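> When you get a sec, could you give me coordinates for this:
(2 chains)
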Amino acid sequence: MAKETQFVEQIADIEKDFPQWYTDVVIKTKLVDYGPVKGTMVIRPYGYAIWENIQKELDARFKKEGVENAYFPLLIPMSFFTKEAEHVEGFAPEVAVVTVAGGEKLAEPLAIRPTSETIIGTMCSKWIQSYRDLPLKINQWCNVMRWEKTTRPFLRTSEFLWQEGHTVHTTAEEAEASTMTMLGVYKEFAENCLAIPVITGRKTEKERFAGAVATYGMEAMMHDGKSLQAGTSHYLGQNFASAFEIKFLDKDGALKTAYTSSWGVSTRLIGAIIMTHGDSRGLVLPPVVAPVQCVIVPIAARKGGVLEACAKLKGELEAAGIRVVLDDSDNSPGWKFNEWEMKGVPVRIELGPRDIEAGKMLCARRDTLEKEEYPLDSAVSAVEGLLARVQKDMLEAARARRDSRIVYAENMDEILRGVETGNFVKAGWCGCRECEDKVKEVAAATARVYAEGETAEKCAVCGKKAEHVIIFARAY
RNA sequence: UGAGGCAUAGCGCAGUUUGGUAGCGCGCUUGGUUAGGGACCAAGAGGUCGUGGGUUCAAGUCCCGUUGCCUCAACCA
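Next up, the predicted model:
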């Protein structure tokens, strides 16, 4: 029997020690390394490739919505930053500030962007004069910095990569519609590309983005039943447009203040993928964003013809646009199986003398660990079909898992019991801040989003008339 | 900032109680044998024990200071 290595032992039982399992997997699979500055991460090539695939998929969707990419500066003058009162108040504690440059103290300190509403607002006010300039829809891919107290790779880091979209409109209705459209784009993307089922909805006042009129979020359930906010879309009303004087001359000749929205997803999505699909063997990556979709492991590679057959197969798959790697290193096959499983590669092909003789290949899928034989002469269609099935089955499995862990609560005890056992808890809520705070205090759970289209008789906390049904959960 | 813990080879750790030549596993290097679920044999390389001071003939070990990191609470995509 083969000796288990240290690494496999270290990937803890996922049910028992989920956060530790998560950190081990992220580091050991070489997605990231810790950066020299506390709370930062160095994203290694394998991890960055996932991000590139996410970017590619999102960019295609943004383009369909008429959104163009642009870039704005990293440093924001403090005076810009302080124009919107609630915004600066909300972000002040976590902003890093540059006070010295070129060896001299700066006359005005520069904030390292925690988000770019202020600088984009400033620029938009210069660009927009007429209703003909609207709507304006821009997106930027960039890094932002928020000086967090505790951090975890991908889920919460001091510096992270994201995209932030910003739109400017002539009317409130149009800006609100844009907010909802982008939320829908995120949901479709999360489910079809990342195989992560999400619940979208409006957030409570308490959870609202600083400076927004309304914040909408998408919430994903992790393996341990905790929620992760995987993306947000904000309707900003005229809050930023007023502060930054984004005005336009309308058809009727009147000078009007515009309405804006903003929306973003971050490298946290990579954390969401890991925590949604991963198992005790390591990563399980959805084929659409997997850096390597298929790995070929030669068996008895030194025997005549094996490596040649593997190379030929690789060429065919590559030509079909499949991201494929031939592992011709001199590690043992068993080692390679574990290594690539750990890295979450969706499909593995084992090809040895016996298969070549029989004109077959053995395919193993990462999500179910099932192995099946396929004829070599139709390898491309077999792998394409397998990748599509893995993608679909991963979403369905995650959805079934999540749906089985959504419960209803009538009172505080049930809320507590629900979140303690790793569930999303739907409960009636009167709408007051006191009840929301009490849930946090007693159950250590927060209001994630309103459950759209659901009603309840009374508030599960105070028993007064319920205004909404809300989803409570413990969150990352 | 409140509380607890850790710091010894690239990684994970033992050694500290009772001071006496710096250890183990994995990984790495070289050569050989292997190959359908983390192979085996042999030979190697690699550490001023986080850091500053003190006690002692002698400190990884005892004493004082200091720094960094981790977990929990508070803050958050």
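
> Quick check on A:Tyr374: phi, psi?
With angles defined as degrees, to the nearest 10, A:Tyr374 sits at phi -130, psi 150.

> and the nearest residue to it once chain neighbours are set aside, how many neighbours?
Closest residue to A:Tyr374 apart from its sequence neighbours, by CB to CB, 6 or more residues apart in numbering: A:Ala382 at 3.9 Å. Backbone N, C-alpha and C define where each C-beta goes, glycine included. By other CB atoms under 10 Å, the residues close to A:Ala382 number 20.

> helix or strand for the spatially closest residue to A:Gly66 that is not a sequence neighbour, which one?
Counting by CB to CB, 6+ apart, A:Gly66 lies nearest to A:Lys137, which is 5.4 Å off, once chain neighbours are set aside. For A:Lys137, the host element (DSSP states H and E) is strand A:136-145.

> do the same with A:Thr122
A:Thr122 is located in helix A:117-127, with elements delineated by DSSP H and E.

> Is RNA strand B within reach of that helix?
No: Helix A:117-127 stays clear of RNA strand B (CB under 7 Å from any atom of the strand), getting no nearer than 12.7 Å.

> In that helix, which of the residues would be classed as buried?
Of the residues in helix A:117-127, those buried under the neighbour-count criterion (16 or more other CB atoms under 10 Å) are A:Glu117, A:Thr118, A:Ile119, A:Ile120, A:Gly121, A:Thr122, A:Met123, A:Cys124, A:Ser125.

> Break chain A into its domains for me.
The record's domain parsing of chain A by automatic domain parsing lists A:6-277, A:294-386, A:406-473.

> Give me the packing partners of the helix holding A:Thr122, helices and strands only.
With contacts taken as 3 or more CB pairs under 8 Å, 6 or more residues apart in numbering; DSSP states H and E, helix A:117-127 sits against helix A:78-81, strand A:136-145, strand A:159-169, helix A:239-243, strand A:259-266.

> A:Glu454 is nearest to which of those?
Of all the helices and strands packed on helix A:117-127, it is strand A:259-266 that lies closest to A:Glu454, at 24.4 Å by CB to CB.

> now the angle from that closest one to strand A:159-169?
160 degrees (axes from the mean of the first three to the mean of the last three CA atoms, to 10 degrees).

> export the domains of chain A to a markdown table and tack on mean pLDDT?
As requested, the domains of chain A are exported to a markdown table (pLDDT from 0 to 100):
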| stretch | mean pLDDT |
| --- | --- |
| domain A:6-277 | 93 |
| domain A:294-386 | 96 |
| domain A:406-473 | 93 |
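
> Make a markdown table from these and add distance to A:Glu396 to it.
Shown next, in a markdown table, are the domains of chain A (distance: least, CB to CB, whole Å):
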| stretch | distance to A:Glu396 |
| --- | --- |
| domain A:6-277 | 9 |
| domain A:294-386 | 10 |
| domain A:406-473 | 16 |
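
> quick one: which of the ones you listed is nearest A:Ala398?
Taking CB to CB, domain A:6-277 is the member of the domains of chain A nearest to A:Ala398, at 5.5 Å.

> Confirm the residue nearest to A:Tyr374 sits in a helix?
Yes: assigned with DSSP: H, G, I helix; E, B strand; the rest coil, A:Ala382 falls within a helix.

> Run a quick check on A:Arg208 versus A:Ala214, I expect a contact.
Yes: using CB atoms under 8 Å, A:Arg208 is in contact with A:Ala214, at 6.9 Å.

> Tell me the residue of the stretch 151-300 of chain A that sits nearest RNA strand B?
Nearest residue of the stretch 151-300 of chain A to RNA strand B, counting by CB to the nearest atom of the strand: A:Gln229, 3.1 Å away.

> if we can go back for a sec, in TSV, list the helices and strands packed on helix A:117-127 along with distance to A:Arg113.
As requested, these are exported to TSV (distance: least, CB to CB, whole Å):
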stretch	distance to A:Arg113
helix A:78-81	9
strand A:136-145	5
strand A:159-169	9
helix A:239-243	15
strand A:259-266	12
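
> Which of the three states applies to the spatially most central residue of chain A?
In chain A, the centroid-proximal residue (CA atoms, centre = their mean) is A:Leu269; its distance is 1.8 Å. With three-state DSSP as the basis, A:Leu269 sits in helix.

> Reformat the buried residues of helix A:117-127 as TSV; add distance to A:Glu316.
Listed next are the buried residues of helix A:117-127 as TSV, based on distance: CB to CB, whole Å:
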residue	distance to A:Glu316
A:Glu117	49
A:Thr118	52
A:Ile119	49
A:Ile120	47
A:Gly121	52
A:Thr122	53
A:Met123	49
A:Cys124	50
A:Ser125	55
